[in-house]
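Q: Just to be clear, the model below is a prediction. Sequence and coordinates:
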Amino acid sequence: MKHIALLRGINVGGHHKIKMADLKAMFEAMGMAEVVTYIQSGNVIFEAHDAKDLKIAIEQKIETTFGFFVPVIIRTVGELQVIYDANPFGDFNVETEGTKVLVTFLSDAPQQDNIDSLLPFKVASEILHFIHQEAYFYCPDGYGITKLTNALLEKNSTCKPPPAIGKQCASY
């Protein structure tokens, strides 16, 4: 089954540097097939037949290989399609709206108190919508000036247990 691993906080500001060639080699050494990395983002597409404990295995291997812990979020290609189809903002033109509609992948679905801590950072024109483990965000003035950054969403949105897949958590 094809997966994508989203590594958090690598190659940002000179911290936790990992060369994509080294990351690719690590995934291949773990038995993953068709491994492809995307620029210096820490995003890795790969084929894995045994998906059991994949997140934990990758996190542990990164720590032993590179000497630091990196949180990893895993989604399958099928899950990505569901996430794309669940976009609460409907059709939009990627060329004109591509920097205004964003999805943040969370490790868990947020609880209400976590969401409430984010609301003071949202301006009236912005819309924040949670579905399962994703935060969909519309910022009509552009992502470059919003205060609701990925880092803030990730820091203040995690919780357990997540609701059933596809269940709407909240819309603001």
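A: Sure thing, it's come through.
Q: Can you tell me the element the nearest residue to residue 6 once chain neighbours are set aside falls in?
A: Once flanking residues are discounted, residue 6 sits nearest to residue 73: 4.4 Å by CB to CB, 6 or more residues apart in numbering. C-betas here are computed from N, CA, C, even on glycine. Using DSSP states H and E, residue 73 maps to strand 72-76.
Q: what residues does that strand touch?
A: With CB atoms under 8 Å, 6 or more residues apart in numbering as the contact definition, strand 72-76 has outside contacts at 1-8, 51, 54-55, 58-59, 62, 83, 105-107.
Q: returning to what we had before: the residue nearest to residue 6: neighbour count?
A: 17 (other CB atoms under 10 Å).
Q: Could you report the pLDDT at it?
A: pLDDT for residue 73: 92.
Q: And it, how far from residue 119?
A: Noted for residue 73: a distance of 24 Å to residue 119, by CB to CB, to the nearest Å.
Q: what do you get for residue 36?
A: 38 Å.
Q: Residue 74 too?
A: For residue 74 relative to residue 119 (CB to CB), the value is 29 Å.
Q: So between those two, which is more surrounded?
A: Each of residue 74 and residue 119 has its neighbours counted (other CB under 10 Å); residue 74 has more, 19 against 12.
Q: if you skip the residues just before and after it, what's nearest to the more buried one?
A: Residue 74's closest residue in space is residue 55 (CB to CB, 6+ apart), at 5.0 Å.
Q: how about the helix or strand containing that neighbour: buried residues?
A: In this assignment (DSSP H and E), residue 55 forms part of helix 54-66. Residues of helix 54-66 classed as buried: 54, 57, 58, 59, 62, 66 (neighbour count, 16 or more other CB atoms under 10 Å).
Q: ok, these vs residue 128, which is closest?
A: Closest approach between those and residue 128, by CB to CB: residue 59, at 27.7 Å.
Q: burial of the nearest residue to that closest one once chain neighbours are set aside, as a residue count?
A: Excluding its sequence neighbours, the residue lying closest to residue 59 (CB to CB, 6+ apart) is residue 72, at 5.1 Å. Residues near residue 72, counting by other CB under 10 Å, number 21.
Q: Ok, residue 142 next?
A: Neighbouring residues of residue 142 were enumerated by other CB under 10 Å; the total is 9.
Q: Leaving aside the residues adjacent along the chain, what's closest to residue 98?
A: Using CB to CB, 6+ apart, the nearest residue to residue 98 is residue 92, at 7.9 Å.
Q: separation between the one you found and residue 138?
A: Taking CB to CB, one finds residue 92 at 9 Å from residue 138.
Q: how much space is there between the spatially most central residue of the chain and residue 117?
A: Against the mean C-alpha coordinate of the chain, by CA atoms, centre = their mean, the closest residue is residue 105 at 2.8 Å. Separation of residue 105 from residue 117 (CB to CB): 19 Å.
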